[in-house]
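> Fold the following and give me the result.
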Amino acid sequence: EGASVEVLSGPIWEHLNFQMGENSLVRNENSYNAFLEYRQAVAHAIDKDRIVDEILKGQVEPLSSYIDAFSPTLSQGSWDQYDYNPARSIELLADLCARDDTDCDANPVTTVFSTTSNNDARVTLSQLFVEMFEDVGIVYVNELEDSSIFFGETLDFGNWDLGEWAWVGTPGFAGLISIHDVFDPESAPPDGQNFYRWGTAAVEGADPEGFNQSASLVVDENTARFAELRDAMNATVDEGELTAILNEAEDILADQVVIIPLYA
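Here you go, the predicted model:
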């Protein structure tokens, strides 16, 4: 009696992500992950407030950036640009389907969602997505897997379309700099940690064979610049320089919707 309890978010942060290697097409032959309009449409289709209310009883706020889980004072909230806005999502899908290099009649916009089936929160998330995706006209399929499979060949080989799992944040610059290795376009598995294969080169001669893939479906000036930033943040201990580099890296990941931070 008389105790006051305050619930705060911890360091474990969940995020949605898009597989940008060729194996996304193995999981979903109608994957549009390579197109920014599609990734933006998904970001606007997700109701993160409802997700937090359903999974965490509204005890914490949705994440506006992955940096919130490391050093909140450095966060720019770069994902705040993607409010829950089904109308905007539908507009972006129309833009996607109007492109000369897409054919949404022959290949309907489809999302295949994969995560761990033995985690109750992620199962609930997959169920919440059914209505959210249907509301904007995206064909939605759940393909959940036991964690031993998902964190095995699925993760290693990039055998997913839209995925979801958690990373762990740590205070200070060291962990924050380190997390950028998982987005480094110069670090494709098995030698690197960029499981998303965003901007990665082709992999040949690796064992097992599943690692060997063509270059990423997304290689552009943004992936090239991010690789430069990743090297730069590992080459200075000046806090002012680090903050500027981290800010630019955060903006690129948000503007290109490489991931969608959900909650901690």
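> Not counting the helix or strand encompassing Phe226 itself, show me its contacts.
Here Phe226, judged by DSSP states H and E, is contained in helix 221-233. With CB atoms under 8 Å, 6 or more residues apart in numbering as the test, helix 221-233 has contacts from 177, 180-181, 183-186, 198-199, 216, 241-242, 245-246, 248-249, 252-253, 255-256. For every residue, glycine as well, the C-beta is placed using N, CA and C.
> how about a cut-off of 7 Å?
With CB atoms under 7 Å, 6 or more residues apart in numbering as the test, helix 221-233 has contacts from 177, 180, 183-186, 198-199, 242, 245-246, 248-249, 252, 256.
> Please apply the same query to stretch 141-156.
Stretch 141-156 is contacted from outside by 110, 112-118, 123, 126, 159-160, 189, 195, 210-211, using CB under 7 Å, 6+ apart.
> Of those, select the buried ones using a ChimeraX command.
Only the buried members of those enter the following ChimeraX selection, criterion being 16 or more other CB atoms under 10 Å:
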select :110,112,113,114,115,116,117,126,159,160,189,195,210,211
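> Return the subset of the contacts of stretch 141-156 lying in strands.
Per DSSP state E, strands hold the following members of the contacts of stretch 141-156: Thr110, Val112, Phe113, Ser114.
> any chance of the residues you listed in a markdown table, with pLDDT and distance to Val168 too?
As requested, those are exported to a markdown table (pLDDT from 0 to 100; distance: CB to CB, whole Å):
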| residue | pLDDT | distance to Val168 |
| --- | --- | --- |
| Thr110 | 98 | 32 |
| Val112 | 98 | 26 |
| Phe113 | 98 | 22 |
| Ser114 | 98 | 21 |
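> Let's have those residues in CSV, adding distance to Tyr82.
Formatted as CSV, these follow (distance: CB to CB, whole Å):
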residue, distance to Tyr82
Thr110, 21
Val112, 21
Phe113, 18
Ser114, 21
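> Quick check: phi and psi on Val168?
Here is the backbone geometry of Val168 (degrees, to the nearest 10): phi -120, psi 130.
> Run through who's touching the strand or helix carrying Ile245.
Assigned by DSSP H and E, Ile245 belongs to helix 239-255. Here helix 239-255 makes contact (CB under 7 Å, 6+ apart) with 65, 67, 74, 76, 78-79, 81, 173, 176, 180, 183, 222, 225-226, 229, 232-233, 236, 259.
> Next: stretch 14-27.
Counting by CB under 7 Å, 6+ apart, 31, 33-34, 39, 66, 112, 157-164, 166, 196-198, 213-214, 216-218, 259-263 sit against stretch 14-27.
> Return a PyMOL selection command for the buried portion of the contacts of helix 239-255.
Remark: buried members of the contacts of helix 239-255, expressed as a PyMOL selection using 16+ other CB under 10 Å:
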select buried, resi 65+67+74+78+79+173+176+180+183+222+226+229+233+259
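> Return the member of the contacts of stretch 141-156 nearest to Ala3.
Among the contacts of stretch 141-156, Val123 lies closest to Ala3 (CB to CB), at 32.8 Å.
> I figured that closest one hits Ser117, correct?
Yes - Val123 lies in contact with Ser117 (CB atoms under 7 Å); the separation is 6.4 Å.
> List the buried residues for stretch 93-105?
Residues Leu93, Asp95, Leu96, Cys97, Thr102, Cys104 are the ones in stretch 93-105 that count as buried (16+ other CB under 10 Å).
> CA-only coordinates of that stretch in PDB, if you can.
This file holds the C-alpha atoms of stretch 93-105, laid out as PDB (Å, rounded to 0.1, in the frame of the first residue of the first chain):
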ATOM      1  CA  LEU A  93       0.200   1.600 -53.600                       C
ATOM      2  CA  ALA A  94      -1.500   3.300 -56.600                       C
ATOM      3  CA  ASP A  95       1.800   5.000 -57.300                       C
ATOM      4  CA  LEU A  96       3.600   1.700 -57.100                       C
ATOM      5  CA  CYS A  97       1.200   0.100 -59.500                       C
ATOM      6  CA  ALA A  98       1.400   3.000 -62.000                       C
ATOM      7  CA  ARG A  99       5.100   2.400 -62.500                       C
ATOM      8  CA  ASP A 100       6.300   1.100 -65.900                       C
ATOM      9  CA  ASP A 101       8.200  -1.700 -64.200                       C
ATOM     10  CA  THR A 102       5.400  -3.100 -62.200                       C
ATOM     11  CA  ASP A 103       2.200  -5.000 -63.100                       C
ATOM     12  CA  CYS A 104      -0.100  -5.300 -60.200                       C
ATOM     13  CA  ASP A 105      -2.800  -6.900 -62.200                       C
END
